[in-house]
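A.B. asks: sequence first, then the predicted structure:
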Amino acid sequence: MISSRSTTIKRYSIGAIKEEAYNLLELGTITLDQPLRILFDYLPAQQWNEIECELERHDYLLRDHVIDLIGKLEWESD
């Protein structure tokens with residue numbers, strides 16, 4: 001008997017990567033001056049190759065800084 005297993009794999013678009021980075025910034029986990037490779041400490045290891053390829057497709061390198069990916073921040077006031 002063959003069992004079917006459903007495996008959910010999250011796809012990381014450039015928008016999703018930016019959102020993840022923004023969320024980590026809001027939490028104070030990462031800073032704007034850190035290289036993009038810091039994201040790999042917080043994103044699933046099995047997705048690293050896909051994430052790096054997506055960044056490169058949009059002309060980002062792992063040595064670029066988080067601010068290069070996020071751009072100008074607009075924080076909501078409390």
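C.D. replies: Here it is on my side, so go on.
A.B. asks: ok, for residue 62, nearest residue in space, not its chain neighbours?
C.D. replies: Nearest residue to residue 62, sequence neighbours excluded (CB to CB, 6 or more residues apart in numbering): residue 37, at 4.1 Å. All C-beta spots, glycine's among them, are computed from the backbone N, C-alpha and C.
A.B. asks: SS state for the one you found?
C.D. replies: Secondary structure state of residue 37, per DSSP: H, G, I helix; E, B strand; the rest coil, is helix.
A.B. asks: isn't it right up against residue 63?
C.D. replies: Yes - checked against CB atoms under 8 Å, the pair residue 37 and residue 63 is within contact range at 7.3 Å.
A.B. asks: of those two, who's got more company?
C.D. replies: Regarding residue 37 and residue 63, a neighbour count based on other CB atoms under 10 Å identifies residue 37 as having more, with 14 against 9.
A.B. asks: list the contacts of the residue nearest the centre of the chain.
C.D. replies: Central residue of the chain (CA atoms, centre = their mean): residue 17, 3.2 Å from the mean position. By CB atoms under 8 Å, 6 or more residues apart in numbering, the residues touching residue 17 are 39, 51, 54, 55, 69.
A.B. asks: is it true that the first one touches residue 21?
C.D. replies: Yes - taking contacts as CB under 8 Å, residue 39 lies within contact range of residue 21: 6.0 Å.
A.B. asks: look up how far residue 18 lies from the residue lying closest to residue 30 once chain neighbours are set aside.
C.D. replies: For residue 30, ignoring the flanking residues on the chain, the nearest one in space by CB to CB, 6+ apart is residue 24 at 4.6 Å. The spacing between residue 24 and residue 18, counted by CB to CB, to the nearest Å, is 11 Å.
A.B. asks: so between the two, which is more surrounded?
C.D. replies: Remark: of residue 24 and residue 18, residue 24 carries more neighbours, 19 against 15, as counted by other CB under 10 Å.
A.B. asks: make sure that one is indeed in a helix.
C.D. replies: Yes - the assignment for residue 24 by three-state DSSP puts it in a helix.
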